[in-house]
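**Q** I would like to see how this sequence folds:
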Amino acid sequence: MSSLDPANLVITLTWLFFLLASYAVLFSAFLPLSAIPLLDVLAKDTHYKYFVLLIIPTSSYFVIANWVGWQYYQNS
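**A** Sure thing, here's the model as predicted:
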């Protein structure tokens with residue numbers, strides 16, 4: 001089994017997203033600014049950091065719901 005199979009890639013990307021979201025929502029209020037520009041922008045923002053983090057699961061659910069609806073339409 002190779003280390004870059006799709007299951008490991010999905011798990012790795014999920015953990016990266018979880019860490020980024022945790023920093024943006026929880027830890028940025030308690031930690032000082034870092035030297036990483038992306039994390040500093042998320043830490044300084046008070047509104048759109050939630051939008052950026054919530055658009056990913058929302059769009060995923062939307063795509064899955066549309067795919068299921070399309071499957072029902074094709075098989076009816």
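**Q** hey, let's count contacts and neighbours off CA atoms from now on
**A** Will do.
**Q** shaky segments in this protein?
**A** For the chain, the stretches flagged by pLDDT under 70 are 1-3.
**Q** helices of that one, residue ranges please.
**A** Using DSSP state H, the helices of the chain run over residues 6-25, 37-44, 48-74.
**Q** most tightly surrounded among those helices?
**A** helix 37-44 (a mean of 15; mean count of other CA atoms under 10 Å).
**Q** so what secondary structure elements neighbour that one?
**A** Using 3 or more CA pairs under 8 Å, 6 or more residues apart in numbering; DSSP states H and E as the contact test, the elements touching helix 37-44 are helix 6-25.
**Q** report all helices and strands that the helix it packs on contacts.
**A** helix 37-44, helix 48-74.
**Q** could you dump these into JSON lines with distance to residue 12 added?
**A** Below are those laid out as JSON lines (distance: least, CA to CA, whole Å):
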{"stretch": "helix 37-44", "distance to residue 12": "19"}
{"stretch": "helix 48-74", "distance to residue 12": "16"}
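**Q** the ones you listed: which one's closest to residue 18?
**A** helix 48-74 (9.6 Å; CA to CA).
**Q** taking their axis directions, that closest one and helix 37-44 sit at what angle?
**A** 100 degrees (axes from the mean of the first three to the mean of the last three CA atoms, to 10 degrees).
**Q** helices or strands up against helix 48-74?
**A** Helices and strands touching helix 48-74, by 3+ CA pairs under 8 Å, 6+ apart, are helix 6-25.
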